[in-house]
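In: coords please:
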Amino acid sequence: MSFCGICGKEHANAEEQFKHMKEHTPEEILNYENEHRKRIEEMKEIHNREAQTNQPNLLFTRGPNFRKTYVTEWGISLTDLDIRIDLFNERVNHPPHPLLPNQIPPVEFIIENQIITPIVSAKTLYLRLGELINSYEINNGEIPVRM
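Out: Got it, this is the predicted structure:
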């Protein structure tokens, strides 16, 4: 099983994936390749920083059950043992109930996956995301967010 790096579409084999690439524009392919090169350079930088601090030589590969999930919203909760991060991908605004017209209609979020992680790992994620977002904002300006 393989996946398109641009859109995430699943393919049974490399031949199907090769045929599928014709569905993408040259600009999409170029953007993907540039982003891929950028990630490789970022990983090299991380590797070089870790090598200078006598960190172990790390290698990251995608396992056979690797899956991508597109996320538009997060639900985060804390338990006694870990942090749970719900990955939302779709929002459904339900109409008012006909028998309860004064009640606020429900808004449903479809949870695609959940990440369960120890608090220490969550803090590492927090710090690394902060570094990446800070770097992005230095180069591209502040990211506007609504909470």
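In: mind naming the longest helix for this structure?
Out: With secondary structure taken from DSSP state H, the chain has its longest helix at helix 26-52.
In: and the next helix or strand past that one?
Out: Once helix 26-52 ends, the next helix or strand along the chain (criterion: DSSP states H and E) is strand 73-78.
In: quick one: strands adjacent to that following strand?
Out: The strands that strand 73-78 pairs with in its sheet are strand 83-93 (antiparallel) (by DSSP bridges).
In: residues making contact with the strand it pairs with?
Out: Strand 83-93 is contacted from outside by 69-78, 105, 107-119, 122, using C-beta atoms under 8 Å, 6 or more residues apart in numbering. Bear in mind the C-beta positions are built from the backbone N, C-alpha and C, glycine included.
In: ok, the residue lying farthest from the centre of the chain to Lys9 distance?
Out: The centre of the chain is farthest from one residue, Leu99, which by C-alpha atoms, centre = their mean lies 40.4 Å away. According to C-beta to C-beta, to the nearest Å, Leu99 stands 43 Å off from Lys9.
In: the closest residue in space to Glu73 that isn't next to it in sequence and Phe109: what is the separation?
Out: Distances taken as C-beta to C-beta, 6 or more residues apart in numbering put Phe88 closest to Glu73, at 4.0 Å, once the chain neighbours are dropped. For Phe88, the distance to Phe109 equals 4 Å [C-beta to C-beta].
In: so how far is the host helix or strand of Glu16 off the chain centroid?
Out: Per DSSP H and E, Glu16 falls inside helix 14-20. The gap between where helix 14-20 is centred and where its chain is centred comes out at 24 Å by C-alpha atoms, centre = their mean, to the nearest Å.
In: who does that helix touch, helix- and strand-wise?
Out: strand 2-3 (3 or more C-beta pairs under 8 Å, 6 or more residues apart in numbering; DSSP states H and E).
In: strands paired with the following helix or strand past the strand it packs on, and their directions?
Out: Next helix or strand after strand 2-3 toward the C-terminus (DSSP H and E): strand 10-11. If you go by DSSP bridges, strand 10-11 pairs up with strand 2-3 (antiparallel).
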